[in-house]
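[1] Quick one, what's the 3D model for this:
(one chain, ligands or ions: 1)
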Amino acid sequence: MPELPEVEVTRRSFADRIASAQILALHMGKPLRWPLGVAASSVVGRHIVGVRRRGKYLLLDLDQGLLLVHLGMSGSLNFAAAQPEAGPHDHMDLVTDRGVLRLHDPRRFGAVVWAPSEDSPEAQKLLGRLGVEPLNGQFDGAAFAQALKKRQAAIKKVLLAGDVVVGVGNIYASEALFMAGIRPTTRASRLSRPRVAKLHAAIVQVLSRAVEQGGSSLKDFVNAEGRTGYFQLEAAVYGRTGAPCRVCDTPIRSFLQGQRTTFYCPTCQKP
Ligand SMILES: [Zn+2]
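    Residues are numbered from 1 along each chain as shown. Below you'll find the predicted structure:
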């Protein structure tokens, strides 16, 4: 599943090239997770002002309204001067005078939704409950500590919920908790201020590094330039059940936590 770093890397791969392009056509394929919400022809003639990211949504700002794009479980975007004929898993072609942005999504959990503005009900239905962005300077350590004090759930579940801080998916939550020395099952409200500070720094570090490396969470992830050259994150715990901890040699353990596999080192990570 594309996580925040993959979505950010995708954004960077085409945002500059598509900025100020004019939309010539929008072709939608098979139904995605949500409908577009307007006739595809209604965006023809609009200009693309820029591409932002909010959580795992890409926001294509038009000179009137915006398109929200979500990659779902298996989606990828490719922006190229020309595209081959759409295949069975290509469900959106946004044709512009600078090139064609194509959504490839075999499992069709992705979505392309039009909204009149970011504050509109159409957009807020998708964006309204998202927590703060971890990478743009809005992620404040003191506010993070305050938010966690109110949560009785296990810290990993709180991170995955995305309403405190957005975009910390399964891989990055596991890695950040290892880096901070915190057991994933520890109740969020019980974390001391120094431990929260460590976790805050670890989240920023692990996500920033993943963006620098070009994302890591999908082996076959293709960015918008069509490259598959994504580095697998040198994971400390994720996917390493039974392998020796890189710090202390204790075998890494895993268990099912809220239907997601959680990985941790029983020695390095304290309750
Ligand atoms: Zn260890």
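[2] What residues of the helix or strand that contains V206 count as buried?
    Under the criterion of DSSP states H and E, V206 resides in helix 193-212. Of the residues in helix 193-212, those scored as buried under the neighbour-count criterion (16 or more other CB atoms under 10 Å) are 195-200, 202-204, 206-207, 210-211. Heads up, the C-betas are built off the backbone N, CA and C, glycines and all.
[3] which helices and strands does it pack with?
    Identification of packing neighbours for helix 193-212 by 3 or more CB pairs under 8 Å, 6 or more residues apart in numbering; DSSP states H and E yields helix 4-18, helix 141-149, helix 170-180.
[4] Give me the average confidence score over the helix or strand following the shortest one.
    Just to be clear, that refers to helix 141-149. Tracing the chain past helix 141-149, the next element assigned as helix or strand by DSSP H and E is helix 155-161. Per-residue pLDDT values across helix 155-161 average out to 97.
[5] helices or strands up against helix 155-161?
    On a contact count with 3+ CB pairs under 8 Å, 6+ apart, helix 155-161 meets helix 170-180.
[6] what's the distance between the helix it packs on and the middle of its chain?
    15 Å (CA atoms, centre = their mean, to the nearest Å).
[7] Spatially, what comes nearest to Q205 if we skip its sequence neighbours?
    Distance criterion CB to CB, 6 or more residues apart in numbering; nearest residue to Q205, sequence neighbours excluded, is M179 at 6.9 Å.
[8] burial of the one you found, as a residue count?
    M179 sits with 19 neighbouring residues when counted by other CB atoms under 10 Å.
[9] residues contacting C248?
    With contacts defined as CB atoms under 8 Å, 6 or more residues apart in numbering, the neighbours of C248 are C265, T267, C268.
[10] Just the buried ones from those residues?
    Judged by neighbour count, with 16+ other CB under 10 Å as the criterion, the buried members of these are C265, C268.
[11] Tabulate the contacts of C248 in CSV, adding columns for pLDDT and secondary structure.
    As requested, these are exported to CSV (pLDDT from 0 to 100; DSSP: H, G, I helix; E, B strand; the rest coil):
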residue, pLDDT, secondary structure
C265, 98, coil
T267, 98, coil
C268, 98, coil
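[12] Between the contacts of C248, which sits nearest V44?
    Nearest to V44 among the contacts of C248: C265, at 54.4 Å, using CB to CB.
[13] need the contact list for the closest one.
    Applying CB under 8 Å, 6+ apart to C265 gives the contacts F178, A236, V237, C245, V247, C248, T250, I252, R253.
[14] quick revisit: now narrow the contacts of C248 to whatever sits close to the ion.
    With CB under 5 Å from the ion as the criterion, these include C265, T267, C268 near the ion.
[15] From those residues, pick the one nearest D93.
    Closest approach between these and D93, by CB to CB: C265, at 46.1 Å.
[16] Okay, that closest one and L160: tell me how far apart.
    Relative to L160, C265 is positioned 19 Å away (CB to CB, to the nearest Å).
[17] any idea what sits nearest R129, other than its immediate chain neighbours?
    If you skip the residues right next to it in sequence, R129 has D163 as its closest partner in space, 5.6 Å away by CB to CB, 6+ apart.
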